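Visitor: Dropping a prediction and its sequence here:
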Amino acid sequence: MSISDAMQLEVAGLTSGYGGITVLDGLTLNVAEGELVGILGHNGMGKTTLMRSLIGAVPARAGRISFMGSDITRLPPHRRNQLGLGYVPQGREIIKGLSVKENLLLGQAAHKGASAYQEMLELFPELSELLDRPGSRLSGGQQQLLALARCLMGRPRLLLLDEPTEGIQPSIVSDIGQKLSRLRSDLGLTIIVVEQNLDFLSNIVDRSIILRGGKIVADLRGESATDREQIESHLLISA
Ligand SMILES: Nc1ncnc2c1ncn2[C@@H]1O[C@H](COP(=O)(O)OP(=O)(O)OP(=O)(O)O)[C@@H](O)[C@H]1O
Ligand SMILES: [Mg+2]
């Protein structure tokens, strides 16, 4: 098997930005199926831009993105979603005027069968008790779980999460970490999670990637991936 076959996501020389600003500048990243990868970087370093470039919400100006062997660089977001890319945005973006159940059903992709809803209730028993509650009456942690479950209704193979613990009570943060670890082991998902909360990441990741100046400046694996001192030294250099 070639390296290319083994990688689920291959990003080579990705450049993207807004107007006259270049945010990602020739970024290269390979992720294997089933990995749980953390992306760290200071505010404004382009973490969200990377997520949005992967899903196709920000166009690539140069470079190539390939997913499960297909070149997706020029595909629109809905096509990438159909191929198995799922995204939970920063700020969660659940619909506050709709109930938990209605929010969940919004995520159901017609082509992927009706069984997803039942499966989600089993994976998220916390939500199955809140089905009629409006989104506006959920805590931050409940909203995050709902956003995650809604995304999973489309049965992604790669889950992209942007700061899932932002604004969430510390006691709930570890529940979210456990949930992600379980989703990876139960569903075999690949997960890329942008985070600034090192404690949260160090409990769950296989790899920690640090973004600076539009490029990856560190890709830490094994014990280094959760070594706070090493991670912080790379983050400090990025300041
Ligand atoms: N829609 C936009 N139009 C113009 N510039 C933008 C836009 N979105 C982001 N930027 C700029 O691009 C750069 C990277 O932003 P991005 O949101 O990707 O950073 P981030 O690492 O996710 O930051 P944070 O930790 O604050 O979420 C910043 O300088 C930001 O001001
Ligand atoms: Mg961001």
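Guide: That came through fine. Ligands and ions are numbered 1, 2, ... in the order given.
Visitor: Can you show me the helices along the chain?
Guide: Remark: helices of the chain, listed N- to C-terminal, are 3-6, 47-55, 77-83, 100-106, 116-123, 125-128, 140-152, 170-187, 198-202, 228-237; assignment by DSSP state H.
Visitor: Can you give me the separation between residue 70 and residue 94?
Guide: For residue 70, the distance to residue 94 (C-beta to C-beta, to the nearest Å) stands at 30 Å. In this view, the C-beta of every residue, glycine as well, is placed from N, C-alpha and C.
Visitor: Show me what counts as buried in stretch 21-35.
Guide: Residues 23, 24, 25, 27, 29, 30, 31, 35 are the ones in stretch 21-35 that count as buried (16 or more other C-beta atoms under 10 Å).
Visitor: Who are the contact partners of the residue in the chain that ligand 2 sits nearest to?
Guide: Proximity of the chain to ligand 2 (C-beta to the ion) peaks at residue 48, 3.2 Å away. Residue 48 is in contact with 90, 162, 194, counting by C-beta atoms under 8 Å, 6 or more residues apart in numbering.
Visitor: Could you do residue 189 as well?
Guide: Taking C-beta under 8 Å, 6+ apart, one finds 34, 156, 157, 158, 159, 183 in contact with residue 189.
Visitor: Those residues, buried ones only, as a PyMOL selection?
Guide: Those of the contacts of residue 189 that count as buried under 16+ other C-beta under 10 Å are selected in PyMOL with:
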select buried, resi 156+157+158+159+183
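Visitor: So which of the contacts of residue 189 is the closest to ligand 1?
Guide: residue 159 (17.3 Å; C-beta to the nearest ligand atom).
Visitor: residues touching the closest one, list them.
Guide: 86, 87, 88, 151, 152, 183, 189, 190, 191, 192.
Visitor: Within range of ligand 2, give me the residues from this protein.
Guide: Within reach of ligand 2 by C-beta under 5 Å from the ion, the chain has these residues: 47, 48, 90.
Visitor: which residues are in contact with stretch 191-203?
Guide: 9, 31, 35-40, 43, 47-48, 50-51, 54, 90, 158-166, 173-174, 176-177, 180-181, 183-184, 204-205, 208, 225-226, 228, 231-232.
Visitor: let's go with 7 Å and repeat that
Guide: 31, 36-40, 47, 51, 159-165, 173, 177, 180, 184, 208, 226, 228, 231 (C-beta atoms under 7 Å, 6 or more residues apart in numbering).
Visitor: right, and residue 57 touches residue 77 too?
Guide: Yes. The criterion here is C-beta atoms under 7 Å, and residue 57 meets it with residue 77 at 5.8 Å.
Visitor: more neighbours, residue 70 and residue 94?
Guide: residue 94 (23 against 12; other C-beta atoms under 10 Å).
Visitor: Local confidence estimate at the more buried one?
Guide: Listed pLDDT for residue 94 reads 92.
Visitor: Isn't it up against residue 135?
Guide: Yes. Residue 94 lies in contact with residue 135 (C-beta under 7 Å); the separation is 4.7 Å.
Visitor: Residue numbers of this protein in contact with ligand 1?
Guide: Listed as neighbours of ligand 1 in the chain under the rule C-beta under 6 Å from any ligand atom: 18, 21, 23, 41, 43, 44, 45, 46, 47, 48, 49, 90.
Visitor: Narrow those to those that are buried.
Guide: 23, 41, 45, 46, 47, 48, 49.
Visitor: Could you export the contacts of residue 48 to TSV, including columns for pLDDT and distance to residue 82?
Guide: What follows is those, written out as TSV (pLDDT from 0 to 100; distance: C-beta to C-beta, whole Å):
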residue	pLDDT	distance to residue 82
90	90	23
162	97	21
194	97	23
